[in-house]
Structure formats: C-alpha cells, structure tokens
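In: I would like the atomic coordinates for the input below:
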Amino acid sequence: MPPGEHFGDHQSRHEYSNKNFPLEINKAMRKIWFAYGDLGYDGINGKRAKQVIENLKIIIDFFEKRFGIKIYEKNT
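Out: Prediction:
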C-alpha cells in the first residue's frame, strides 16, 4: 500500500497490520481500533479511554525506535 493511502475496509487494515508489524504492536493497534466505537459512539468510558492511552504509548514507543525520532513528549 502506498504511503498515505486509506484502507478501504477493516479487514484490509488488519491484514496489513498483521503482515507489517510485530505481534505486540498489532495487538495494541487492534485494542485501539476496537475501542474506537465505545469512545466515539457511546460517549465517555474512562476505563476504556485509559486502555487506549496505554496502548497508544506502546505504539508510539515502537515507531519512535523504528524511525529514530521522538513523537511523544511529556507535558506537551
């Protein structure tokens, strides 16, 4: 898939993720994708939001190491 191209469906997104990322990162991304409905459609869910933030930190750490750049800065 060329950079910047949008996935047409959920299945394509998961297949791409399975092929291109380590298992730990893939699991974290799935947790975020599946939480999107709860957070976006059902209103505020503090426990679910905390899980999303924890998994986002895992994903950000992975990509910071992979690309040698800092994506997340505390207190920003």
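In: least trustworthy helix or strand in this structure by mean pLDDT?
Out: Within the chain, no helix or strand scores below helix 23-41, which has a mean of 78 by mean pLDDT, DSSP states H and E.
In: Could you pull out the buried residues of the following helix or strand past it?
Out: Downstream of helix 23-41, the next assigned helix or strand under DSSP states H and E is helix 46-67. Of the residues in helix 46-67, 48, 51-52, 55, 59, 62 count as buried by neighbour count, 16 or more other Cβ atoms under 10 Å. The way it works is simple: take the backbone N, C-alpha and C, and place the C-beta from them, glycine included.
In: Give me the helices and strands touching helix 46-67, please.
Out: Applying 3 or more Cβ pairs under 8 Å, 6 or more residues apart in numbering; DSSP states H and E, we find helix 46-67 packed against helix 23-41.
In: Mind putting the buried residues of helix 46-67 into a markdown table with pLDDT and distance to Leu23?
Out: Listed next are the buried residues of helix 46-67 as a markdown table, based on pLDDT from 0 to 100; distance: Cβ to Cβ, whole Å:
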| residue | pLDDT | distance to Leu23 |
| --- | --- | --- |
| Arg48 | 75 | 22 |
| Gln51 | 83 | 18 |
| Val52 | 82 | 19 |
| Asn55 | 87 | 13 |
| Ile59 | 90 | 13 |
| Phe62 | 92 | 11 |
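In: tell me which of these is nearest to Ala28?
Out: Asn55 (4.0 Å; Cβ to Cβ).
In: Tell me how many other residues crowd Glu24.
Out: Other residues near Glu24 come to 11 when the count uses other Cβ atoms under 10 Å.
In: who touches stretch 56-73?
Out: If you take Cβ atoms under 8 Å, 6 or more residues apart in numbering as the criterion, stretch 56-73 is touched by 21-22, 24-25, 28-29, 32.
In: Between which two of the residues you listed is the distance greatest?
Out: Pro22 and Ile32 (15.5 Å).
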